[in-house]
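[1] Below is the structure, and that's it, no one-letter string:
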């Protein structure tokens, strides 16, 4: 086995001598003998790095990955996790060990690299959401949603939360899990056309937060003007879950009047990674900055007057406010935020717009081709963008399983979070700039074979 | 804008390298028909003004982030003795494991039949973590320690609720990490803080007083944030259990007890682990981490789902929802690539290697304490576990030197600073955790640096001159940073900056 501990037996005995001890066991004298482990851990003996590589290859072969040029599945699954281009330059820069092996920037004088990259990340998120304040990251989209709702509830002193069914079902579930602790009351607004219908929600009693996706989980463009009106009617903050890849072509949520914009930024340079680590982004209006969850980097000067960066408004955070803190977040997803800054730098103004357009174009083409298959139809009528849900003649989960054998990850079979709705059992497909006409044509042919069997 | 190469000049922001028409990106050729914008996006949703983010060349992008990397301290560069943070060396092979496409390229919605490798890794990691902690089962979903804490508290809440038992308070010692009380509040409980006794351990008499039928549980870190093992843990566990409460183990300090003693054997019911500490996954400048939560048998049914388990048929792996699950706490399965790194680290070390980790971590910490206790105060003066907490209080009274100054001056010696001003119960605290991966020579050099700082403060004070440490650091990419200004004149983005024209 490899040994990452540098101490030789001679080092150990001389250090023990210095401490007046005769064995390493004596280092643990403070631990009552009655509870000390009297055996070895039942974990296999250590293996070499070379052996580990072979074991990883063997186990990895039992996974079907997507997106590899010339091999792997062609990915039509999305729902918050997307197969976007990750160029060599992003992998190389984000993999630099100065970023990878640093701790939280507690000593800004030796952490300007991470701090400045986070400042740039915050600046990008500010532009993408249209809001002036962005924090330096949260765990993932679901964590950002939970924090946004907590902020809104605290700001409005009202625990009623109205959330669209068009928000990611897993995020909604996480929100419900944590509501068991906070006591928030969650109310679901339905999606008759694929977009949210607020009219069936009681508007006579107040709410703290109104939450909607843009585009939503089913890929539909929500009328955010209506959501804003509804939020005002119930006196709530409007929280918009944005797909940031669409920012280059869509009006920003802030232009529609959003108070808080959150979302998942995996699409900007982070691998699919079987769901994590991802990156929750969080932006809000200036008035809400004192309640902002997580870390915030600000520009300042050093003693000699040079530009410098530091984490700021620290009095909001858990290590200072302890039980009075409005969020407990400490370690977050800094490396993914740095990755996002690099990726957005690579994409630039034109690339970001191109990725959004290209994804929408692929979805548009696929809608035309796929809905020509007998028994396959669009489930929604609200305007779609780069994702859409299809009703199929056979259950979607069977289609997904069958198409893996044909080289496709066909999409997400809608189940959890859509029980009892017309969307249950539908297939949600997503498109990125990496999908070609040829791939879509091949996929359509395979889908036709599977559903008409 | 011209850019400095290395050294002490500021690096412009990426936005200052921007010039219209520059580009770095290129994308796949898709052969998709061109569709007018109006056919893709209804008019009211279309952007008016183009969204300008930045326009730079790939060469400038690489130069910029490489120069930023040069302005950043990291474990790969040198020792990082931050107390309670366990900044050990992160084996490169674990990063390589996480970059394998067979793992990194898997979409989280892939059906279990096509993600058997991933489920195997997750199940095996859960099993190994349970053996290490002496627990029955675990969830790998929490993305960091604080997320693990809140998950653990919700498990506690669900457990009591299932028994129809309404409890309102959670006990926390005054030496606890700040995330503990913050998590308790979010878990819907009130915090009851208890003091530490003269040994630096939980004051058992005080604990007895506050225990009652309204106490849901207690959160403890053991060894605690003073680096001391809670010697009365067996008695504490018995008392809390007798009162109907549960014991929560904050695993931030798990490193020094690997293979030596297990939280489950101490009597704990819920344990979170920081894989980015004990199991050597890199911190990434402040995440991603991973904070799995392991539980005793009576809490297994409440664990978050979906949970990867060995298939009931005996072959392969599947996802299940525990019968009384509290629900998801993460969008998917947790920070999977971090989990894969930790799985790799445990495989590489094996049982024997893990025990060696604990022994040397404790040896290094005690060697530092013994080498510094004549110059710095040692408020709870007895052998420690993974870290030692020293105080600059006497030096401050004698010379004006503060813990902050020690931290800043140490940067000039090429070391990262220890944690300062924590735990809160120690005045002018320096919390030093060397970990097992720093060599005796490195640890000795750290001691020399800290001794030099104390001695020069005494000499400066005696000579009646300003302390050198107060104006440090001078040799770092920037000098001491004006934190007050950052808060007073908030500039959180480039668009708010005066450098933006």
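    Alright, I've got the coordinates. Note that the coordinates shown come from a computational prediction; the quantities given were computed from them, not determined experimentally.

[2] Does chain B have contacts with the helix or strand of chain A with the lowest mean pLDDT?
    Within chain A, no helix or strand scores below helix A:318-321, which has a mean of 77 by mean pLDDT, DSSP states H and E. Yes. Contact of helix A:318-321 with chain B (CB under 8 Å from any CB of the partner chain) involves A:318-321. All C-beta atoms are positioned from the backbone trio N, CA, C, and that covers glycine.

[3] Just say helix, strand or coil for residue A:150.
    helix (DSSP: H, G, I helix; E, B strand; the rest coil).

[4] how many neighbours does the closest residue to it other than its chain neighbours have?
    Once flanking residues are discounted, residue A:150 sits nearest to residue A:326: 6.2 Å by CB to CB, 6 or more residues apart in numbering or on different chains. For residue A:326, the neighbour count with other CB atoms under 10 Å in any protein chain shown is 21.

[5] Can you point out the helix or strand that includes residue A:326?
    Residue A:326 belongs to no helix or strand when assigned by DSSP states H and E.

[6] most neighbours, which of the residues of helix A:318-321 next to chain B?
    Of the residues of helix A:318-321 next to chain B, with other CB under 10 Å as the count, residue A:318 tops at 25 neighbours.

[7] Might you report the residue contacts of that one?
    A:325, A:327-330, B:146, B:178-179, B:181-182 (CB atoms under 8 Å, 6 or more residues apart in numbering or on different chains).

[8] Residue A:288 now?
    A:133, A:151, A:155, A:237, A:259-260.

[9] Kindly report the same for residue A:254.
    Contacts of residue A:254 (CB under 8 Å, 6+ apart): A:129-131, A:261.

[10] Could you identify which of those has the most neighbours?
    Busiest of the contacts of residue A:254 [other CB under 10 Å] is residue A:261, holding 31 neighbours.

[11] For it, give its distance to chain B.
    14 Å (CB to the nearest CB, to the nearest Å).

[12] and that residue, that one's in a strand?
    Yes. Assessed by three-state DSSP, residue A:261 belongs to a strand.

[13] Wait, it touches residue A:240, no?
    Yes. Checked against CB atoms under 8 Å, the pair residue A:261 and residue A:240 is within contact range at 5.0 Å.

[14] Spit out the residues that contact the two alike.
    Going by CB under 8 Å, 6+ apart, residues that sit against residue A:261 and also against residue A:240 are residue A:253.

[15] What are the buried residues along stretch B:224-232?
    B:224-232 (16 or more other CB atoms under 10 Å in any protein chain shown).

[16] If you could redo that for stretch A:60-72, that was the one I meant.
    In stretch A:60-72, counting by 16+ other CB under 10 Å, buried: A:60, A:62-67, A:72.

[17] Can you tell me what sits against that stretch?
    Under the contact criterion CB under 8 Å, 6+ apart, stretch A:60-72 has outside partners A:73-75, A:77, A:83, A:272, A:404, A:409, A:434, B:100-107, B:110, B:114-118, B:120.

[18] quick one: which of the buried residues of stretch B:224-232 is nearest to residue A:215?
    residue B:225 (45.9 Å; CB to CB).

[19] And the pLDDT for that closest one?
    Listed pLDDT for residue B:225 reads 93.

[20] where's the closest residue to it other than its chain neighbours relative to residue B:176, distance?
    Distance criterion CB to CB, 6+ apart; nearest residue to residue B:225, sequence neighbours excluded, is residue B:423 at 4.3 Å. Distance, residue B:423 to residue B:176, by CB to CB, to the nearest Å: 8 Å.

[21] Now for these two: what residues contact both?
    Joint contacts of residue B:423 and residue B:176 (CB under 8 Å, 6+ apart) are residue B:225.

[22] need the helices for the stretch 1-150 of chain A, in chain order.
    A:9-19, A:49-60, A:88-94, A:97-100, A:112-129, A:141-156 (DSSP state H, counting those that start in this stretch).

[23] per-domain residue ranges of the chain.
    In the absence of a named chain, this looks at chain A. As given by automatic domain parsing, the domain ranges for chain A are A:74-86+A:348-451, A:91-341.

[24] you looked at the wrong chain, it should be chain B
    B:14-70, B:93-348, B:358-487.

[25] Which of those has the highest mean neighbour count?
    The highest mean neighbour count among the domains of chain B, using mean count of other CB atoms under 10 Å in any protein chain shown, belongs to domain B:93-348: a mean of 23.

[26] and the end-to-end length of it?
    End-to-end distance of domain B:93-348: 10 Å, with CA to CA, to the nearest Å as the criterion.
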